[in-house]
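A.B. asks: Following is a predicted model, sequence given first.
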Number of protein chains: 2
Amino acid sequence: MPAVPGPPVTPRPGAETAEALDGDLGWTLGVVFRSYVRTVNALVDHLPGGPRGYQVLAAATQGLPGGQGALAQRLGVDKTVMTYLLDDLEKAGLVERRPDPADRRNKRVVATERGRAVWADAQTGLEHAEEHVLSPLDPADRPVFRELLRRLAAGTDALDPANGPCRIVQELTPDDVPDGVPDGVPDRVPDGGPSRPRRSPRR
Amino acid sequence: MPAVPGPPVTPRPGAETAEALDGDLGWTLGVVFRSYVRTVNALVDHLPGGPRGYQVLAAATQGLPGGQGALAQRLGVDKTVMTYLLDDLEKAGLVERRPDPADRRNKRVVATERGRAVWADAQTGLEHAEEHVLSPLDPADRPVFRELLRRLAAGTDALDPANGPCRIVQELTPDDVPDGVPDGVPDRVPDGGPSRPRRSPRR
DNA sequence: GACAGATCGTATGTAAAGCAGATGAATTGT
DNA sequence: ACAATTCATCTGCTTTACATACGATCTGTC
């Protein structure tokens, strides 16, 4: 599981111990990201599936086309995961599985009235969460940061997935190491978000 | 891992994906962070334990005081995890467990000669990785981004752990939530040091 | 000195989460 | 009508981590 990249060995910045880890970028990036993730998790923890439940709910509310398989692919979760994710959401009365009249193999995922309301509340909370994360920054700097981050994300998106890590790995990896490097780059990062207990004993 | 915060779904059916992601802080943050994580993972994937193995190796190289229990707490991993983490590192000949003469319960973790060499290589790679992540940015903007991120991380650290999420959750969480809802806040690592993404135990 | 209690590292059992493959229902093509 | 494909689901297995219990060791008190 992709864990956190680089917590510094020295939790206290004041210590003179060599900050031998990743200078600052990895650590600070991790701190900010985890802070945001924690906040988001807390905000959507009340709905089944946690953050991913929220994503599914959002998709259902907006009435995206396609069945739950397409939804799973879009969200980057396994189709089997989507199954019990929807089980829980349906059990909670937030979404419904409706067979697609056009193709009865497909099951369209639609949000219930209550599901839409719950989503709207969560959505509001998440908007506040963004500002909450940026709050330590001077108000004038926040748009600057947002813009830089946006540019970074855009550039990264184009740079990374194809050959970025592979090349840098080939370039830098020592070859006196045990086994080879499985340079599998997942099109989507498997996410370790909270999810529901598996498999209800049916039948 | 930490769940993906920002939904990849387009907020409006009319809008296209690119636009949707623009203003989404959580999404862009996630993209950049995951990009970095992927790169780091690829760089340290060859050594046992992956990123955490690297962290342990770094700690061992620097000769931190304390036994492996203290090390585990500092790194935010469970002590039982640290056991087989060290097993693998020791099996690979990168570290050694030496009983502390002062307290023979303790086992000090020291890096072997080869462990130090491997760590140095990985360290070099990680430094390059940072620049690699920042590469989409104009060279002049990179220090700016670093500084903003640093300030953000510092402020977040002070803002978050105590009452940040709690307050915002209490403030924003709707109480018309589905079922009996323990809107618990994911607990932090008691240490106060940089925390790792802890999974809140799902009822 | 000897005992009780605490602490360190380890071993074991278990639970969660995900993935690959098989299954059943339904569609499409020939 | 038949085969091949697709969709959602179910089953089995693997990985990972936590909680607990255990032996070995240190520290305090008498």
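C.D. replies: Okay, I see it. Since we're looking at a predicted model, the values are computed, not measured.

A.B. asks: Do any residues in the strand or helix carrying A:W27 lie close to DNA strand C?
C.D. replies: Using DSSP states H and E, A:W27 sits within helix A:25-44. No - against DNA strand C, helix A:25-44 shows no contacts by C-beta under 7 Å from any atom of the strand, the least distance being 11.7 Å. In this view, the C-beta of every residue, glycine as well, is placed from N, C-alpha and C.

A.B. asks: between that helix and helix B:25-44, how many degrees?
C.D. replies: Orientation check (axes from the mean of the first three to the mean of the last three C-alpha atoms, to 10 degrees): helix A:25-44 against helix B:25-44 gives 130 degrees.

A.B. asks: Next, see if helix A:25-44 gets close to chain B.
C.D. replies: Yes - looking at helix A:25-44 against chain B by C-beta under 8 Å from any C-beta of the partner chain, the contacts come from A:25-43.

A.B. asks: what about A:L75, how many neighbours?
C.D. replies: The number of residues packed near A:L75 is 22, by other C-beta atoms under 10 Å in any protein chain shown.

A.B. asks: hang on, isn't it packed against A:Y54?
C.D. replies: No - A:L75 is not in contact with A:Y54 according to C-beta atoms under 8 Å; the separation is 10.5 Å.

A.B. asks: Any stretches of chain A with poor pLDDT?
C.D. replies: Residues of chain A meeting the criterion pLDDT under 70: A:1-23, A:157-203.

A.B. asks: What segments of it are strands?
C.D. replies: Counting by DSSP state E, chain A has strands at residues A:95-99, A:107-111.

A.B. asks: Between those strands, which one is closest to DNA strand D.
C.D. replies: DNA strand D sits nearest to strand A:107-111 of all the strands of chain A, at 4.2 Å, using C-beta to the nearest atom of the strand.

A.B. asks: Check whether that closest one comes into contact with DNA strand D.
C.D. replies: Yes - residues of strand A:107-111 are located near DNA strand D by C-beta under 7 Å from any atom of the strand, namely A:K107.

A.B. asks: of all the strands of chain A, which lies closest to B:E127?
C.D. replies: Closest to B:E127 of the strands of chain A is strand A:107-111 (C-beta to C-beta; 45.2 Å).

A.B. asks: Could you list every helix and strand that that closest one packs against?
C.D. replies: Counting contacts by 3 or more C-beta pairs under 8 Å, 6 or more residues apart in numbering or on different chains; DSSP states H and E, strand A:107-111 packs against helix A:50-62, helix A:68-75, strand A:95-99.

A.B. asks: and DNA strand D, which of the ones you listed is closest to it?
C.D. replies: Closest approach to DNA strand D among these (C-beta to the nearest atom of the strand): helix A:68-75, 2.2 Å.

A.B. asks: If we go by neighbour counts, what in the closest one is buried?
C.D. replies: Of the residues in helix A:68-75, A:68, A:70-72, A:74-75 count as buried by neighbour count, 16 or more other C-beta atoms under 10 Å in any protein chain shown.

A.B. asks: Alright, that wraps it up for me.
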